[in-house]
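Enquirer: sequence unknown, structure follows:
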């Protein structure tokens, strides 16, 4: 006789637990198998990760015939509490690590299908065969909280808060980046080439920095730029020089405008960014360096 209903749990289920990409992919692999076998199940999530989902405190243990613990180490009082609360259930651990086979957390399961355990051959992690999902855009985020020289025109904090709140709702992979270089801090790039190597591999850059705009366009990556200075300042000026349209002024910042330029950057903007890159390489637009020798010569002659 098959299970009546299975409750899927893991470290992603505990009130103070955390959800990792590997654990969630392992869960998806288990869900795929249960769906294929037409076995009914529910999943419980940490309220800190998914506040609106089903949580451990919401379920009645008697509604389930089996409890399955997915991935992670079998150790600690939280796992032990599952055994006490779901004592009537058949309890199975799958894709887990066993550190102490004699521990209560391990012995409480009726069966342990471990990925690794002492004196046992390891098995492939569940995440390896999880169902594939379409790739999401990879977005570099370059924001500044400084630039105090703009005084009362500064809108940097407001811009950062609104942009990051908006980005949190986007289905994308986000990378917080920094244009500042440091030869001692491994978190930061040490050379411009290292920064550009990262930018060239992105689908989009969201930035309120002038050099976030310029460096991304140099490598042909589209940019959604926000000018954090009321009335517009160097970001607006540089976007105009580059002929780059995806610019939102601080005073006009809202989700509708951000969404519109997001969509443009990930479609037509890809071609426009490559055209901007090619224009930089051709070097037809004059910059200050082109006039530097003349300025130096004029100074010496005077």
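Expert: Sure thing, it's come through. As the structure is a prediction and not an experimental result, all values here were calculated from the model.

Enquirer: next, count neighbours for residue 194.
Expert: Residues near residue 194, counting by other CB atoms under 10 Å, number 12. The C-beta positions use only the backbone N, C-alpha and C, and glycine is treated the same way.

Enquirer: low pLDDT regions in the protein?
Expert: Scanning the chain with the threshold set as pLDDT under 70 gives 1-2, 299-302.

Enquirer: that one: strands as residue ranges?
Expert: Using DSSP state E, the strands of the chain run over residues 6-9, 41-43, 66-70, 90-97, 111-116, 138-142, 173-176, 204-207, 223-227, 247-249.

Enquirer: mind putting those strands into CSV with mean neighbour count and distance to residue 189?
Expert: Shown next, in CSV, are the strands of the chain (neighbours: other CB atoms under 10 Å; distance: least, CB to CB, whole Å):
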stretch, mean neighbour count, distance to residue 189
strand 6-9, 24, 41
strand 41-43, 17, 40
strand 66-70, 24, 38
strand 90-97, 22, 35
strand 111-116, 16, 36
strand 138-142, 21, 12
strand 173-176, 13, 12
strand 204-207, 27, 15
strand 223-227, 28, 18
strand 247-249, 20, 25
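
Enquirer: how many other residues sit next to residue 23?
Expert: Neighbour count for residue 23, taken as other CB under 10 Å: 21.

Enquirer: surely it meets residue 9?
Expert: No - Residue 23 is beyond contact range of residue 9, at 10.9 Å (criterion: CB atoms under 8 Å).

Enquirer: mutual contacts of the two, please.
Expert: Contact criterion CB atoms under 8 Å, 6 or more residues apart in numbering; residues shared by residue 23 and residue 9: residue 70.

Enquirer: apart from its chain neighbours, what residue comes closest to residue 124?
Expert: Once flanking residues are discounted, residue 124 sits nearest to residue 115: 7.4 Å by CB to CB, 6 or more residues apart in numbering.

Enquirer: residue 127 is in contact with that neighbour, correct?
Expert: No - in this structure, residue 115 is not within contact of residue 127 by CB under 8 Å, at 9.9 Å.

Enquirer: what do these two both touch?
Expert: With CB under 8 Å, 6+ apart as the test, residue 115 and residue 127 both reach residue 71.

Enquirer: okay if I get the strands of the chain as CSV plus distance to residue 52?
Expert: Shown next, in CSV, are these (distance: least, CB to CB, whole Å):
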stretch, distance to residue 52
strand 6-9, 18
strand 41-43, 13
strand 66-70, 21
strand 90-97, 26
strand 111-116, 31
strand 138-142, 25
strand 173-176, 22
strand 204-207, 27
strand 223-227, 29
strand 247-249, 30
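
Enquirer: to residue 162, which of the ones you listed lies closest?
Expert: Proximity to residue 162 (CB to CB) singles out strand 223-227 among the strands of the chain, at 8.6 Å.
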